[in-house]
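[1] Make a model of this:
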Amino acid sequence: MSDECSVPDCESVIRALWDYLDAELDDASASEINAHLDACGHCRSHADFEQRLVDELVGLRREHSDAAALRARVEAALKKAKLQG
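    Coordinates of the predicted model:
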């Protein structure tokens, strides 16, 4: 697996990751992204991070029926990690 690839391809893959992870792309587009992720370590690391984030949020949502409390908890965690202003 390469750590570098062409910037336009990476940019379009990164922009499409959420739709890809949510299985909202047609088969051809999903296959193209799969092939790109197999060849590009940079984009694969983005996809892996976003998949872990989605999985964590899904798990938290199952644990918490109060959406406002969950949002406050996520925002507090982001602030603690200095990922939010």
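
[2] Residue 47 contacts residue 17, correct?
    Yes: with contact defined as Cβ atoms under 8 Å, residue 47 and residue 17 form a contacting pair (5.7 Å). Bear in mind the C-beta positions are built from the backbone N, C-alpha and C, glycine included.

[3] Compare those two (neighbour count), which wins?
    Remark: of residue 47 and residue 17, residue 47 carries more neighbours, 20 against 17, as counted by other Cβ atoms under 10 Å.

[4] Okay, and the more buried one sits in which element?
    With elements delineated by DSSP states H and E, residue 47 resides in helix 41-63, which encompasses its position.

[5] just residue 73 next, same as before
    Using DSSP H and E, residue 73 maps to helix 67-80.

[6] what does that helix contact?
    57, 60-61, 64, 84 (Cβ atoms under 8 Å, 6 or more residues apart in numbering).

[7] repeat for stretch 15-26
    Contact partners of stretch 15-26, identified using Cβ under 8 Å, 6+ apart, comprise 29-30, 33, 43, 46-47, 50-51, 54.

[8] What are the buried residues along that stretch?
    16-17, 20-21 (16 or more other Cβ atoms under 10 Å).

[9] ditto for stretch 55-72
    When neighbours are counted by 16+ other Cβ under 10 Å, no buried residue of stretch 55-72 is found.

[10] Regarding that stretch, how distant is the last residue from the first?
    For stretch 55-72, the separation between the terminal residues is 18 Å (Cα to Cα, to the nearest Å).

[11] Show the pLDDT at the residue nearest the centre of the chain.
    The centroid of the chain falls nearest to residue 50 when counting by Cα atoms, centre = their mean (2.1 Å). Looking at residue 50, its pLDDT stands at 92.

[12] Pull up the gap between it and residue 72, please.
    Using Cβ to Cβ, to the nearest Å, one obtains 22 Å as the distance from residue 50 to residue 72.

[13] just residue 34 next, same as before
    When Cβ to Cβ is applied, the distance between residue 34 and residue 72 equals 36 Å.

[14] Residue 57 now?
    If you measure residue 57 against residue 72 using Cβ to Cβ, the figure is 14 Å.
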